[in-house]
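# model the following, please.
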Amino acid sequence: MRLRGSHVHARVIIIAVLAAASRVVAAGDAEAVDRPLPLMEPAIVEYRWTFVAPEWVVEPRNVDVRAVISSTWTKRIDYGTLEFPIEHRAIARIPEFRCKYPDFGLPNECRTTWRTVYADVPVAVIRRDHVDIDVPQWQWRDAHTTVDVPRLVWKEQQLVVSLPAVAVRPDPAR
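Okay, here's the model as predicted:
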């Protein structure tokens, strides 16, 4: 005989086994035969435990701060530098004599020619240039922000475990 997982079949079998056992044990005692069997029924036993457990709680906090804010603006600085480039310049004129006859005898034809003498000389020149500089500016500004601050708290918690059991009660008919 194969039983399926029915609770009714299990109850009937348990009651039949208990009834047979109680009659065999009580067969010698006349009083025991008259006494009714206790009532057995399924029940659930509940166990409760209370304990404290840690829990993180995040609380928002408003923060107001007066802060220094920096910014920059560009300033141009003009300046001059002294340079000495080399230039080819005339520095003097010298006469050059030329005669037709080298012995200076007469009649001689002589001529004077003025020649320019050149030299490479340094010449002072001021060259204009500029530099762009970022100049910092400082300002006070009020800043507002919200910061989430974690906090550890202890909370009371309950653990409930329910287990199946068999309840035995005396017969309610008596």
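
# from now on I want contacts and neighbour counts done on CA atoms only, so please keep to that.
OK.

# what values do phi and psi take at I14?
phi -60, psi -40 (degrees, to the nearest 10).

# any figure for the gap between it and V45?
20 Å (CA to CA, to the nearest Å).

# again with H88
119 Å.

# over to I133?
84 Å.

# name the helix or strand for D103, please.
Taking DSSP states H and E as the definition, D103 sits outside all helices and strands.

# that one: neighbour count?
8 (other CA atoms under 10 Å).

# out of the helices and strands in this structure, which is least certain?
helix 30-34 (a mean of 55; mean pLDDT, DSSP states H and E).

# which is the next helix or strand following it?
strand 39-83.

# what is that next one packed up against?
When contacts are defined as 3 or more CA pairs under 8 Å, 6 or more residues apart in numbering; DSSP states H and E, strand 39-83 sits against strand 125-169.

# how big is the angle separating the strand it packs on from strand 39-83?
180 degrees (axes from the mean of the first three to the mean of the last three CA atoms, to 10 degrees).

# what helices or strands is strand 125-169 leaning on?
strand 39-83.
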